[in-house]
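Enquirer: Need a 3D model of the sequence below.
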Amino acid sequence: MKTLTEIIRQSQTIYTNGHTFEEYKAWKDYLINNPEEVKAIISKETIATLSKYCYRKENKPHMVKSVYNSIVQHTVLADSFGYSPFEETFEAAIKRTTDAYTEQDYLNYKAKIKAKQEEREKALTNPETLSEFRTFISRRGAQALSEEQRIRYDELTADQRKESKKEIAKPVSTDVDMQIIENFHAKKQVNIYVVKLSDRVERSTYEELNSRAKKLGGYYSSYNKQGAIPGFIFDTLEQAQQFTQVQQATEVVKDSKAQALRERGEKIQQEGEAELNQDRQANTHRRAAIAENAERKASAKIKFGKELQAIAQAMEEGRIKYLDKVSNGKDLEELKNILVSASYRQSTQEKTSREINMSTVNYSEIPYPIIYRSTAGDLMQMADVEGKKLASARMLKRLGSEEQYIVSGTAALEDYEALFCTRCRIINEWRIDRFKEQLMRLKRVKRLGIDTPEELRAALREYITLTTGASITKEQQEQQELKALERQFIGAKIEGFFPTPQQLAKEVVNKAAINDGETVLEPSAGLGHLAQEIRTAHPNNSLKLIEYNSRLAEVLSKKGFDVENGSFLDHSRNYDKIVMNPPFENLQDIDHVMHAFSLLNSGGRIVAIMADNKRGDRTKIVEFMQFIDKYGVIEQNEPGAFTTSFRPTGVSTITVVIDKP
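Expert: Residues are numbered from 1 along each chain as shown. Now for the predicted structure:
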């Protein structure tokens, strides 16, 4: 042997199939009987190289000896080796132990080594158990896991932690009664829940109870001043109930929780639907933006309400595994917020859209509070505030020279709460509220039994699976799409396009006196404001629409109207009733009304909104007014009737009612 690398390689391969017991004995005898020669080879290496095999803090002679001892100990056919340094030297103990080995001992150890290698290779190619996954990750890294493997690893890890938490939840044997009392923590300025014992307990029982409390996130306090109650302190009622075993995992409790979730979900859905169906003015770009935002929030509300109901149903059917602690909308909403943040990170890194899907879960993070370098000044000032001195010093040390520090440890979180979530002259109220909300986000996640990234990912995947399909209905979606199509015409300069305001449209349709079975025409239909009132009031009548602008005609078609894209003045069919709001420019309304009269069946009626400019001695106006005197009447519309129109205008208008003999 000439180099340390060759010695290491020989030590690693001496138990492979290609070597015999005799070769093993020769190799171990060489190492044991020639210590100086082997150490000389080792000492040729640099300290940096030797540090790969032993602690670098030792000087080189000690490092050489450590490496040699490690190599020699590798000849022992066992996972561990022990001896008494008071009775014999290390070398003598190794020689005594290895000289006693038989060929069968060697063959058995070779088989054991081979089995371990096969297990390792299996773990690195197709991990299935949690142990195999951990081997895979330690060697190749979590990023090397496939999507299916990552999901399986998260589930196995979450399952193991759930089992360990069940052990924590087992009741402690004690004869004393426990009472849960809601109290206020004067220093932290937060509500707390105190579990008070009815009597003293044995020391061993107290230690068992205290250990249980800590595992649930609580602690024992004997402080009894300023209204404090001695006992086991918890942040939430659920923790206190779990500590006392008040909240048992029974079907009654499950059904009660599911029912509460269902009722809450139904209420939220109903509120969202009411908000979605609310009439909103959207006749300017600003109003349209406000309306669109309100409708988007309403749609999200409907979806969230349905998600709560889906979780409740899964809970009732026993299909919940990782979301079994969801008890209110706030908890579920926090999971949604985590997914939204994850989708932003995913879109940034992958240059994709912000659509949430299963792969989004891989970008999720537990919402630990974060403090930034900008808070260092606050922390320094807190060094002079009573009750915050030590906590501020510890937090400054954690922050160090970094731009930010993620507050994740138990002690760090306690310091964070004491520093930033209680009243202090250094930090104003609105900043305290922000700090509190950061901590509350984490507490919501903790309430769900989520403490690790693996548990979070498992819960989020279950959430996505259970709530897939929870959304607004197809009809509601189509309605939103139609509104979006309509809003593209806000401010559009289309000749003659001045949609009828809703109130005026109702009045006009009412004046048409449409009877069952009559055919109805609405020419120059625009976006269908008049047509919609006709369809609402007379859904069974045949209704025909005509619209010259192809883009407007497309919207009308998507609204389900029978629409003809073309010029009304070229239309030739006959109708019983015609309701219209024709273009006003250059007295076009007169031409449209006269053509409509030519299409009207005997006994039919026209109700038309026209411009209030039918005075003067122009031949066209005079002849039209003579026509009205013979067949119809004119009614003055309210001043500013079109100021609330989809396309507002201050033009004064009249309504003309014409009956054909």
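Enquirer: What is the longest helix of the protein by residue count?
Expert: With secondary structure taken from DSSP state H, the chain has its longest helix at helix 285-316.
Enquirer: Next, the buried residues of that helix.
Expert: Neighbour counts over helix 285-316 (16 or more other C-beta atoms under 10 Å) mark 288, 291-292, 295, 298-299, 301-316 as buried. C-beta coordinates here come from the backbone N, C-alpha and C atoms, glycine included.
Enquirer: again, but for stretch 265-272
Expert: Neighbour-count burial for stretch 265-272 [16+ other C-beta under 10 Å]: 265, 268-269, 272.
Enquirer: same check, this time on stretch 88-103
Expert: By 16+ other C-beta under 10 Å, the buried positions in stretch 88-103 come out as 93-95, 97-98, 101.
Enquirer: Low-confidence ranges, the stretch 501-650 of the chain, go.
Expert: Counting by pLDDT under 70, the stretch 501-650 of the chain contains low-confidence ranges at 640-650.
Enquirer: where along it do the strands fall?
Expert: 520-522, 543-547, 563-565, 575-580, 600-611, 632-636 (DSSP state E, counting those that start in this stretch).
Enquirer: As JSON lines, these with distance to Thr89 and mean neighbour count would be great.
Expert: Formatted as JSON lines, the strands of the stretch 501-650 of the chain follow (distance: least, C-beta to C-beta, whole Å; neighbours: other C-beta atoms under 10 Å):
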{"stretch": "strand 520-522", "distance to Thr89": "108", "mean neighbour count": "27"}
{"stretch": "strand 543-547", "distance to Thr89": "104", "mean neighbour count": "23"}
{"stretch": "strand 563-565", "distance to Thr89": "102", "mean neighbour count": "20"}
{"stretch": "strand 575-580", "distance to Thr89": "112", "mean neighbour count": "25"}
{"stretch": "strand 600-611", "distance to Thr89": "113", "mean neighbour count": "20"}
{"stretch": "strand 632-636", "distance to Thr89": "120", "mean neighbour count": "13"}
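Enquirer: Mind checking those strands for the one nearest to Asp29?
Expert: strand 563-565 (99.9 Å; C-beta to C-beta).
Enquirer: C-terminal to the longest helix of the chain, what's the next element?
Expert: Later in the chain than helix 285-316, the nearest helix or strand by DSSP states H and E is helix 329-350.
Enquirer: Who are the packing partners of that following helix?
Expert: Applying 3 or more C-beta pairs under 8 Å, 6 or more residues apart in numbering; DSSP states H and E, one finds that helix 329-350 contacts helix 251-276, helix 285-316, helix 429-447, helix 453-467.
Enquirer: For it, what is the distance to the chain centroid?
Expert: Distance, stretch centre to chain centre, for helix 329-350: 4 Å (C-alpha atoms, centre = their mean, to the nearest Å).
Enquirer: what's the angle between that helix and helix 285-316?
Expert: On the basis of axes from the mean of the first three to the mean of the last three C-alpha atoms, to 10 degrees, helix 329-350 is oriented at 110 degrees to helix 285-316.
Enquirer: Direction included, what does the very next helix or strand once past helix 329-350 pair up with?
Expert: Remark: after helix 329-350, the chain's next helix or strand is strand 370-372, criterion DSSP H and E. Strand 370-372 pairs in its sheet with strand 404-406 (antiparallel), by DSSP bridges.
Enquirer: mean confidence for the strand it pairs with?
Expert: Taken as a whole, strand 404-406 carries a mean pLDDT of 94.
Enquirer: Could you pull out the buried residues of the helix or strand following it?
Expert: Next along the chain after strand 404-406, taking DSSP H and E as the criterion, comes helix 410-420. Residues of helix 410-420 classed as buried: 412-413, 415-420 (neighbour count, 16+ other C-beta under 10 Å).
Enquirer: cool, and stretch 377-389?
Expert: In stretch 377-389, counting by 16+ other C-beta under 10 Å, buried: 378-379, 382, 388.
Enquirer: Can you add secondary structure and give these back as CSV?
Expert: As requested, those are exported to CSV (DSSP: H, G, I helix; E, B strand; the rest coil):
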residue, secondary structure
Asp378, helix
Leu379, helix
Met382, helix
Lys388, coil
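Enquirer: Got the confidence number for Glu481?
Expert: With respect to pLDDT, Glu481 has a value of 65.
Enquirer: what's near enough to touch Thr157?
Expert: By C-beta atoms under 8 Å, 6 or more residues apart in numbering, the contact set of Thr157 is 130, 452, 454-455, 458.
Enquirer: what about Gln404, how many neighbours?
Expert: With neighbours defined by other C-beta atoms under 10 Å, the count for Gln404 comes to 12.
Enquirer: cool, and Glu263?
Expert: So Glu263, with other C-beta under 10 Å, has 13 neighbours.
Enquirer: ditto for the one 10 residues further on
Expert: With neighbours defined by other C-beta under 10 Å, the count for Glu273 comes to 18.
Enquirer: Tell me the spatial nearest neighbour of it, not counting adjacent residues.
Expert: Closest residue in space to Glu273, ignoring its immediate chain neighbours: Ile302 at 5.9 Å, by C-beta to C-beta, 6 or more residues apart in numbering.
Enquirer: Low-confidence regions, this protein specifically.
Expert: Low-confidence segments of the chain, defined by pLDDT under 70: 1, 56-58, 166-175, 189, 246-255, 281-285, 288, 478, 481-498, 640-650.
Enquirer: Walk me through the domains of it.
Expert: Following automatic domain parsing, one finds the domains of the chain at 4-109, 126-169, 178-244, 251-362, 367-449, 494-659.
Enquirer: Tell me the span between the first and last residue of the third one.
Expert: Right, the one you point to is domain 178-244. For domain 178-244, the first and last residues are 7 Å from each other (C-alpha to C-alpha, to the nearest Å).
Enquirer: Please compute how far that domain lies from its chain's middle.
Expert: Worked out by C-alpha atoms, centre = their mean, domain 178-244 lies 33 Å from the chain centre.
Enquirer: Tell me if I am right that Asn183 is in a strand.
Expert: Yes. The assignment for Asn183 by three-state DSSP puts it in a strand.
Enquirer: who's in contact with it?
Expert: Contacts for Asn183 (C-beta under 8 Å, 6+ apart) come out as 191-194, 227-229.
Enquirer: In helices, which of those residues appear?
Expert: Using DSSP H to define helices, no part of those is located there.
Enquirer: Among these, which one lies nearest to Ser43?
Expert: For the contacts of Asn183, the residue nearest Ser43 by C-beta to C-beta is Ile192; the value is 63.2 Å.
Enquirer: I'd say that closest one and Asp235 touch.
Expert: Yes. Using C-beta atoms under 8 Å, Ile192 is in contact with Asp235, at 6.5 Å.
Enquirer: picking that back up, among the domains of the chain, which is nearest Thr468?
Expert: Across those, closest to Thr468 is domain 251-362 (C-beta to C-beta), at 8.6 Å.
Enquirer: any chance of the buried residues of helix 410-420 in CSV, with distance to Val445 too?
Expert: Shown next, in CSV, are these (distance: C-beta to C-beta, whole Å):
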residue, distance to Val445
Ala412, 16
Leu413, 13
Asp415, 20
Tyr416, 15
Glu417, 16
Ala418, 21
Leu419, 21
Phe420, 19
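Enquirer: Ala393: which of those is nearest?
Expert: Asp415 (9.5 Å).
Enquirer: Phi and psi next, for the nearest residue to the closest one once chain neighbours are set aside.
Expert: In space, and not counting its chain neighbours, Asp415 is closest to Ala391: 4.1 Å by C-beta to C-beta, 6+ apart. In terms of degrees, to the nearest 10, the main-chain angles of Ala391 are phi -60, psi -40.
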